[in-house]
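# what's the 3D shape of this:
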Amino acid sequence: MFEQTGNYLRHVNAVMFAVYLSLLLIMANAVRSILHSGGDYWIYRLCLVMTGVRRPASYEDPGLRFAFFFLWMASAAVVFLIVWLLSRFSFVRIFLRVFAGIVAVVGFPIANGYASFRAYLDTLGSLPQAFLYAYAPHRWLGVEVLASLVGIFLYVFVKWPKKAMWGLLLLFLHFALWSWLVLLGAGSGNILLWPGYSWTRLTRENPSLIYPLLGVLTSLVWGLYLRKSVERPESPK
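Residues are numbered from 1 along each chain as shown. Okay, the predicted model is just below:
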């Protein structure tokens, strides 16, 4: 029974990781392309391939929204397949546990600051400075992201915090902060075309809330999977 639960959590964790990572990559590519003239972003190019030479009339264009959904689901399927194949090797599983936690917990903050980070890295030439400046004028957000990264490594390798209650508290505080920033206007809602964003007034006015929402769900699945695998290590099969 325990082994069945562990396998179920492993698969759910892999699915959530693939779906969330794919969404973040699409967002980072679009933000970089729009803000820094890096060429047409992936969704736009795919839409042109699907519709011929017709240019989308707006972000509400059905072809553009379908291209987004197709790219999101197709890339998530590819990521899941890669994870499933590589997870057969024990040393890769360790890396994936850490990387999955990074994507789940701080994937959105890192992707959100990606475009600014690239620009400041070219200007300043210093990795730490560029990272902090990426969140200008609120550079303390860079410190918060770094603290979250440290927390991920402590959770994976030191099993801290020991009590799940404290881990959940820190996790919800982290995502409450970034949800609040999204409500203040952070994020990239103008290029977020997921089909359900127009279903409610809240999601239509703040479509980027999908990032912290999916982030917290992915983090909870990742944390539960990691805790169960510690209680009874997975078989090498």
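
# if you count neighbours, what's buried in the helix or strand of the chain with the lowest mean pLDDT?
Across the helices and strands of the chain, mean confidence by mean pLDDT, DSSP states H and E is lowest for helix 201-205: a mean of 72. Residues Thr203 are the ones in helix 201-205 that count as buried (16 or more other CB atoms under 10 Å). Placement of C-beta: from N, CA and C, glycine included.

# could you point out which element follows that helix?
helix 210-231 (DSSP states H and E).

# average pLDDT across that next one?
Here helix 210-231 scores 89 as its mean pLDDT.

# what do you get for stretch 174-188?
82.

# can you check stretch 138-147 too?
Stretch 138-147 comes out at a mean pLDDT of 91.

# what's in contact with it?
Applying CB atoms under 8 Å, 6 or more residues apart in numbering, the set of residues contacting stretch 138-147 from outside is Val106, Pro109, Ile110, Gly113, Phe131, Leu132, Tyr133, Ala134, Tyr135, His174, Leu177, Leu181.

# right, and the second one touches Ser179 too?
No. Using CB atoms under 8 Å, Pro109 and Ser179 do not qualify as a contacting pair, with a distance of 11.6 Å.

# who has more neighbours, these two?
Remark: of Pro109 and Ser179, Pro109 carries more neighbours, 25 against 22, as counted by other CB atoms under 10 Å.

# which ones are touching that one?
Pro109 touches Leu141, Glu144, Val145, Ser148, Trp178, counting by CB under 8 Å, 6+ apart.

# the fourth one: neighbour count?
This points to Ser148. If you count neighbours by other CB under 10 Å, Ser148 ends up with 20.

# circling back to that earlier point, extract the C-alpha set from the least confident helix or strand of the chain and format it as PDB.
C-alpha atoms of helix 201-205 as PDB (Å, rounded to 0.1, in the frame of the first residue of the first chain):
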ATOM      1  CA  ARG A 201     -13.400  38.700 -13.100                       C
ATOM      2  CA  LEU A 202     -10.600  38.000 -10.700                       C
ATOM      3  CA  THR A 203      -8.600  35.900 -13.100                       C
ATOM      4  CA  ARG A 204      -9.300  38.300 -16.000                       C
ATOM      5  CA  GLU A 205      -8.100  41.300 -14.100                       C
END
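
# what packs against the strand or helix carrying Leu168?
Here Leu168 sits within helix 164-183, counting by DSSP H and E. Helices and strands touching helix 164-183, as assessed by 3 or more CB pairs under 8 Å, 6 or more residues apart in numbering; DSSP states H and E, comprise helix 90-112, helix 140-153, helix 210-231.

# now those in a markdown table, with distance to His11?
Output for the helices and strands packed on helix 164-183, formatted as a markdown table (distance: least, CB to CB, whole Å):
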| stretch | distance to His11 |
| --- | --- |
| helix 90-112 | 13 |
| helix 140-153 | 22 |
| helix 210-231 | 10 |
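
# looking at those, which is nearest to Arg65?
helix 210-231 (13.9 Å; CB to CB).

# next, the buried residues of that closest one.
210-212, 214-216, 218-219, 221-223, 225-226, 228-229.

# I'd like to know which elements it is packed against.
Other helices and strands packing on helix 210-231, by 3+ CB pairs under 8 Å, 6+ apart, are helix 2-36, helix 90-112, helix 164-183.

# what's the spacing between that helix and its chain's center?
Centre-to-centre, helix 210-231 and its host chain are 12 Å apart (CA atoms, centre = their mean, to the nearest Å).

# minimum distance to Ser33: which of the helices and strands packed on helix 164-183 has it?
Of the helices and strands packed on helix 164-183, nearest to Ser33 by CB to CB is helix 90-112, at 13.5 Å.
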